[in-house]
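Chemist: Sequence below, structure please.
(2 chains)
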Amino acid sequence: MRSTNPIAALFGKSPFRPMQEHMRVVEECAEEVIPLLEALRDRDHERVLGHKDKIFALEGEADDLKNELRSHLPRSLFMPVDRRDLLDLLNAQDSVADTVQDIAGLVVLRGMEIPGFMSDGLLPYARRVVDAVHKCREVISELDELLELGFRGSETARVEEAIQELSVIETETDDQGMALVGLLFEHQDELNALEVVYWDRLIDLIGDIADYAEDVGDRLRLLIAR
Amino acid sequence: MESALIFIVLASILGLYMTWGVGANDVANAMGTSVGSGAITVRKAIIIAAIFEFAGAFLAGGHVTGTIRKGIIDPSFVTTPEILIFGMLAALLGAGIWLMVASYFGWPVSTTHTIVGSLIGFGVVGLGVDAVEWGQVSGILASWLVSPLLGGTIAYLLAQSVRVFILEADSPLEAAKRYGPIYVFMMGVLIALVTVWKGLSHLNIDLTTLQAVAVAIAIGLLTALIGRVLINRVRVDPDADADFHYAGVERVFAPLCVFTACSMAFAHGSNDVANGIGPLAAIVSIAQTGEVTQESVLPIWILLLGGTGIVIGLATMGYRVMRTIGKKITELTPSRGFCAELAAASTVVIASRLGLPVSTTHIIVGAVLGVGFARGIAAIDLRVVFGIVTSWVVTLPIGAGLAAFFFFFFKGLFL
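Modeler: Modelled structure (predicted):
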């Protein structure tokens, strides 16, 4: 009889589960940075290419999820959070994956090799950056709990705390990144000028991952503070 | 009266068609939230609906039927009884056709609004503008505005109370188990009180106020007890809780939704069955006595016919609509569905006790919005709300026009 039932049509598709799904893919994508750098360290070109491909595939998956989510968020939706804020949060999540893709692209295209003086600091730096993404995913996984309570009350305090921890990790990665750049300039005569530029850029990009992860936390904070 | 039997048979068929439509479509709207929240299965919902829609129609359906039968048109304007028969037939046929057209296009049209519009249309062209009880009509119109607001407000307060007392508690699960039966008790008392308190005279049961209160409290305690037993049977899955901290709490609300589904079906039966049997009852009364009387008892067989129509509608189509809704609504949790449905059921039961024909679907939508304001629901499409309001405004003149047309048709056919 009725082709569209009013009660069924009343409930739009929830953006919150897909947001979490998107974040999960982004996290998986960011985790690939470690094996990518490890392969680079081992000068195993095959493995480098393999991880690059995986990163590109995951970034593509994240993009698809993002577009799918956006297309289900018409302006007429009445949501417990601001639609604009939610889209900003989604963009921040997506920036993490975009940055990982930039890193993979740079490493492969420029045929980069890790110089000896950086081999000690680079991987711990990258691991800490990925920690920030883990924390970020943890924060986003609280979205359904936040929704249950209508984005207010005791649950928000817990999320605030996790966001705070995320920001502490990000600060740590900043320090590690600065130290690596310092090291790079100390040894800049050992590399050619282009290599210095690329390594400066790579260290920056790795740090950007943590920056965007922190940005996700900040945007979520905005969502709650409304 | 000449051709009395023809009129009665014709009216019975049209009345059955209207109540069939109520069962096929509206029941699914009324119970969609509990099915959609996953708290009860479609099969359970159909069984609950069959029992409680019937009970609601039979036990508490008389008041709204009375309003539709004699509250909208002033019978003293009727000079020949046949005119009123034609009018009522026209109202039924016009409403039936409009509902069919609206269903075909998927417009969210209210059965109640259609039948009230049809009666007004017949009244104006058949008996004159003054024959329509405009005071009563404006009361009904006002109730259409007020009832979704009231449903929304109750839902808002309920959802807030669930948040404060249960979800924000140190142990939400324990709190849910503790307060759950209290909600069920309140619901049982309210619905029982509204129904039994001077409401069962058509079954020759007349209770004093004190007796009514006692019966209501007894029913409330009984439902609370059953609720407690059901809640204690809930087993919480620790894995689900680790992923989503409130999974256990939501599981406690699932059996409670069985109660709200029952009350919603009861409320819906009490309110919406009248759309079909109101005009039928009027026709039967005139055809049998040959005159238009203000006071006439509502024959039990008409209530039974209405209840049967709903159950047939459920069995033939309602389950399919219900299944579609259940699949489409995936974002509603049992605790939210509980609040929305409890609020809607209370509002509908109170309105039908006052003899106000209200739209169950609109009240449900109001209640869902109320929960959304209090706690947030993932995503509600406001375009649908707008469409519902629009169709409601459009339905009155269209129902009126169709009924006016069919009035002249029947008049030409029989006179």
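Chemist: any weak-confidence spans in the chain?
Modeler: Using chain A. Where chain A drops to pLDDT under 70, the residues are A:1-4, A:226.
Chemist: not quite, I wanted chain B
Modeler: B:1-2, B:242, B:293-296.
Chemist: Which residue would you name as the spatial centre of it?
Modeler: Geometric centre of chain B, nearest residue: B:His268, 2.5 Å, by C-alpha atoms, centre = their mean.
Chemist: after the helix or strand where B:Ala265 lies, next one along is what?
Modeler: Assignment of secondary structure by DSSP states H and E places B:Ala265 within helix B:247-289. Proceeding N to C from helix B:247-289, the next assigned helix or strand is helix B:300-313, under DSSP H and E.
Chemist: What backbone torsions are found at the closest residue to chain A within the stretch 251-400 of chain B?
Modeler: Distances between the stretch 251-400 of chain B and chain A by C-beta to the nearest C-beta are smallest at B:Gly376, namely 2.5 Å. Quick note: C-beta positions are derived from backbone N, CA and C, even for glycine. Backbone torsions of B:Gly376, given as degrees, to the nearest 10, read phi 90, psi 130.
Chemist: Tell me how far the residue nearest to the centre of chain B lies from A:Ile224.
Modeler: Relative to A:Ile224, B:His268 is positioned 38 Å away (C-beta to C-beta, to the nearest Å).
Chemist: which residues does the one residue in the stretch 151-300 of chain B that gets nearest to chain A contact?
Modeler: With C-beta to the nearest C-beta as the measure, B:Tyr246 is the residue of the stretch 151-300 of chain B nearest to chain A, at 4.7 Å. Contacts of B:Tyr246 were listed using C-beta atoms under 8 Å, 6 or more residues apart in numbering or on different chains, and they are A:Glu145, A:Glu148, B:Leu167, B:Pro172.
Chemist: Could I get the phi/psi values of it?
Modeler: The phi and psi torsions at B:Tyr246 (degrees, to the nearest 10) take the values phi -100, psi 10.
Chemist: Likewise for B:Ile380?
Modeler: phi -110, psi 130.
Chemist: Assign the spatially most central residue of chain A to helix, strand or coil.
Modeler: When C-alpha atoms, centre = their mean is applied to chain A, the residue found nearest the centroid is A:Val96 (2.8 Å). Here A:Val96 is helix, with the state taken from DSSP: H, G, I helix; E, B strand; the rest coil.
Chemist: separation between B:Ala218 and B:Asn25?
Modeler: Taking C-beta to C-beta, one finds B:Ala218 at 35 Å from B:Asn25.
Chemist: higher neighbour count, these two?
Modeler: B:Asn25 (25 against 13; other C-beta atoms under 10 Å in any protein chain shown).
Chemist: wait, isn't the more buried one in contact with B:Gly318?
Modeler: Yes - contact criterion C-beta atoms under 8 Å: B:Asn25 and B:Gly318 qualify, at 7.4 Å.
Chemist: hang on, A:Leu220 packs against A:Ala162?
Modeler: No - applying C-beta under 8 Å as the test, A:Leu220 and A:Ala162 come out as separate, 9.3 Å apart.
Chemist: who touches both of these two?
Modeler: In terms of C-beta under 8 Å, 6+ apart, A:Leu220 and A:Ala162 are both contacted by the residues A:Val139.
Chemist: any idea where the helices of chain A begin and end?
Modeler: In chain A, the helices defined using DSSP state H lie at A:6-10, A:16-31, A:33-41, A:45-71, A:83-109, A:119-140, A:143-148, A:154-186, A:193-225.
Chemist: Tabulate the contacts of B:Tyr246 (CSV), appending distance to A:Glu27 and neighbour count.
Modeler: Below are these laid out as CSV (distance: C-beta to C-beta, whole Å; neighbours: other C-beta atoms under 10 Å in any protein chain shown):
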residue, distance to A:Glu27, neighbour count
A:Glu145, 18, 16
A:Glu148, 23, 24
B:Leu167, 28, 23
B:Pro172, 28, 23
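Chemist: In a markdown table, list these along with distance to B:Ile325.
Modeler: Listed next are the contacts of B:Tyr246 as a markdown table, based on distance: C-beta to C-beta, whole Å:
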| residue | distance to B:Ile325 |
| --- | --- |
| A:Glu145 | 27 |
| A:Glu148 | 22 |
| B:Leu167 | 26 |
| B:Pro172 | 28 |
